[in-house]
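1. Provided below for reference: sequence and predicted model.
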Amino acid sequence: MAETKVATTMFEPELETMPSSDLRALQSERLVAMVRYAYDNVPLYRRRFEEAGLTPDDIKGLDDLPKIPFTVKDDLRDHYPYGILAVPREEVVRFHASSGTTGKPTVVSYTARDLDTWSRMMARTYASAGTTKADLVQNIYGYGLFTGGLGFHYGAERLGATVLPTSTGNTKKQLMLMRDLQSTVVACTPSYAVFLAEAAVEEGYDPRNDFALRIGTFGAEPWSEEARQKLEAVFGIRAYDCYGMSELYGPGVAVECSEQNGLHIWSDEFLAETIDPETQEPLPPGELGEMVFTMLTREAMPLLRYRTRDLARIVWDECPCGRTHPRIMRISGRDDDMLIVGGVNVFPSQIEEVLMSVPELGDQYEIIVDRDLLDKLSVRVEVAPGQDWTSAPLAGKVAENLTAVLSIRALVELLEPGTIERSLGKARRVIDLRTS
Ligand code: ADP
Ligand code: ZN
């Protein structure tokens, strides 16, 4: 479907298309005010500024951004349970918390104005993917502490669309409601979308004809171009990548437009830069680095130069859609997702790209790293329905393709379809068995 151009829709056209020089000026003005606000209201920031020999008066505009000390995830964890609060607890109207696979979760907070801003950013996100008031959004992101559910919920309502808040789980019921109510937009993680496609066929649906889906808003985890093509083909939709994180409200930080070529960062609210993760020096636009965000109007929990650990390139080129906000060209994965196997850097996303480009393979896979004397990389992958999982030539071909891309040897095990456990939220694809 990617070849058919679609007209772009905007929720706040004036802000989304403002000349970049005006956008820069707005960022500059907001940055100065935010630094003053954070310094006056959060002891952590005051202390960091004092340690760096700075006062808010030293930050006169965007050029002074590199002077501002970084904030990291541990700063939020260290302030458990309430996190970095700039307002009295009574002013907070909602908390969310990130999953926190190890240790305590990171709690994030919102004032009424913060929730309003977040909903607007989410409404822009839906509109950027082509959603209108006429759409029926089936929201399969988890409702609760995770920001995905309520973020996609309130954004759809703000846009004026209809929401079907199914949350995660119960795949058969998801499919039944999707058909019976004729949902036109599906919002979920890309790994669940892949599972949904598979389950639909198993349950006897013809996804292109029984469902009325036209748009997918997928995010919260990395996914490949190959996965996009599969999802678009199976459901007859256009699939859009959405990026966000709990610390930055949740989803709705950046999203693709009709061009499907990079994710616009809503830069009147999020000031983005990239740095070299080693030297921490800012990088010029277009270079791959760690994304660092400053929230420009956040009330409850200001974040100055927050290090995301996510690696990407950010460009300020013009986009044919008319939006002037810079784009994230590709999220290469997290700094801490990167595996080092036998001294070689391996991103799980590279492995997914290879697997998805082999038509005989299915969509479910697992990456296992282990160590005998040397590091070993194994990939367990299901074959597509009807394919032979005992085929040695197929396993050999996949191993060869992986070696060509990764520059290290990978062992490949083919599995019968349905072997690997499906995830409802973010997929856990990597199993690292090394002890040190
Ligand atoms: P948790 O911390 O609970 O897992 P978050 O939703 O805050 O939940 O996770 C945010 C992280 O998810 C980001 O830092 C990024 O690594 C990943 N992520 C979110 N959206 C995308 C996306 N579209 N592409 C790649 N990674 C993403
Ligand atoms: Zn665009």
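-> Received the coordinates, thanks. Ligands and ions are numbered 1, 2, ... in the order given.
2. low pLDDT regions in the stretch 301-436 of the chain?
-> Applying pLDDT under 70 to the stretch 301-436 of the chain flags residues 332-333, 335-336, 436.
3. Flag every residue of it that's near ligand 2.
-> Applying CB under 5 Å from the ion, we find that the stretch 301-436 of the chain lies next to ligand 2 at 319, 321, 323. Backbone N, C-alpha and C define where each C-beta goes, glycine included.
4. so which of those residues is the most crowded?
-> residue 323 (24 neighbours; other CB atoms under 10 Å).
5. What separation is there between that one and residue 129?
-> Residue 323 is 13 Å from residue 129, where distance means CB to CB, to the nearest Å.
6. same deal with residue 340?
-> Relative to residue 129, residue 340 is positioned 36 Å away (CB to CB).
7. okay, these two: which has more neighbours?
-> More neighbours surround residue 129 than the other of residue 340 and residue 129, with 27 against 11 (other CB under 10 Å).
8. Go ahead and confirm that one touches residue 241.
-> No. Look at residue 129 against residue 241 with CB atoms under 8 Å: they stay out of range, at 9.3 Å.
9. Neighbours of residue 167, how many?
-> 18.
10. show me the residues around it that make contact.
-> Residues in contact with residue 167 (CB atoms under 8 Å, 6 or more residues apart in numbering) are 139-144, 149.
11. which residue sits closest to residue 131, ignoring its sequence neighbours?
-> The shortest distance from residue 131 to any non-neighbouring residue, by CB to CB, 6 or more residues apart in numbering, is to residue 185 (5.4 Å).
12. what ranges do the helices span in the protein?
-> For the chain, the helices defined by DSSP state H occupy 13-16, 20-41, 43-51, 73-78, 112-128, 147-159, 171-180, 190-202, 207-210, 225-235, 348-356, 392-406.
13. Would you mind listing what in the protein touches ligand 1?
-> Residues of the chain that fall close to ligand 1, judged by CB under 6 Å from any ligand atom: 98-99, 147, 219-222, 241-246, 308, 310, 331, 334.
14. Tally up the residues packed near residue 242, please.
-> 27.
15. and the spatially closest residue to residue 360 that is not a sequence neighbour, how many residues sit next to it?
-> In space, and not counting its chain neighbours, residue 360 is closest to residue 387: 4.7 Å by CB to CB, 6+ apart. Residue 387 is flanked by 17 other residues according to other CB under 10 Å.
16. could you list every residue that touches residue 387?
-> With CB under 8 Å, 6+ apart, residue 387 has these contacts: 360-362, 394.
17. From those, which land in strands?
-> Judged by DSSP state E, those include 361-362 as members of strands.
18. Specify which member of the contacts of residue 387 is nearest to residue 211.
-> Nearest to residue 211 among the contacts of residue 387 is residue 362, at 21.0 Å by CB to CB.
19. Would you confirm that the closest one contacts residue 384?
-> Yes. Residue 362 is in contact with residue 384 according to CB under 8 Å; the separation is 4.8 Å.
20. tell me, what's touching those two both at once?
-> With CB under 8 Å, 6+ apart as the test, residue 362 and residue 384 both reach residue 417.
21. neighbour-wise, which of those two wins?
-> residue 362 (24 against 14).
22. Look up which residues are beta-bridged to the residue in the stretch 251-400 of the chain positioned nearest to ligand 1.
-> For the stretch 251-400 of the chain, the residue closest to ligand 1 is residue 331, as judged by CB to the nearest ligand atom, at 4.0 Å. Residue 331 has these beta-bridge partners by DSSP bridges: residue 312.
23. dump the residue contacts of it.
-> Contacts of residue 331 (CB under 8 Å, 6+ apart): 222, 243, 263, 310-312.
24. ok, the spatially most central residue of the chain - contacts?
-> Compute the mean C-alpha point of the chain, and by CA atoms, centre = their mean the closest residue is residue 243, 3.1 Å away. Residues in contact with residue 243 (CB under 8 Å, 6+ apart) are 219, 251, 253-255, 263, 328, 331.
25. at 7 Å what do you get?
-> Counting by CB atoms under 7 Å, 6 or more residues apart in numbering, residue 243 makes contact with 219, 253-254, 263, 328, 331.
26. returning to what we had before: buried only: go through the contacts of residue 167 for me.
-> Buried by 16 or more other CB atoms under 10 Å: 139-143, 149, out of the contacts of residue 167.
27. picking that back up, determine which of the helices of the chain approaches residue 91 most closely.
-> Per CB to CB, nearest to residue 91 of these: helix 112-128, 8.2 Å.
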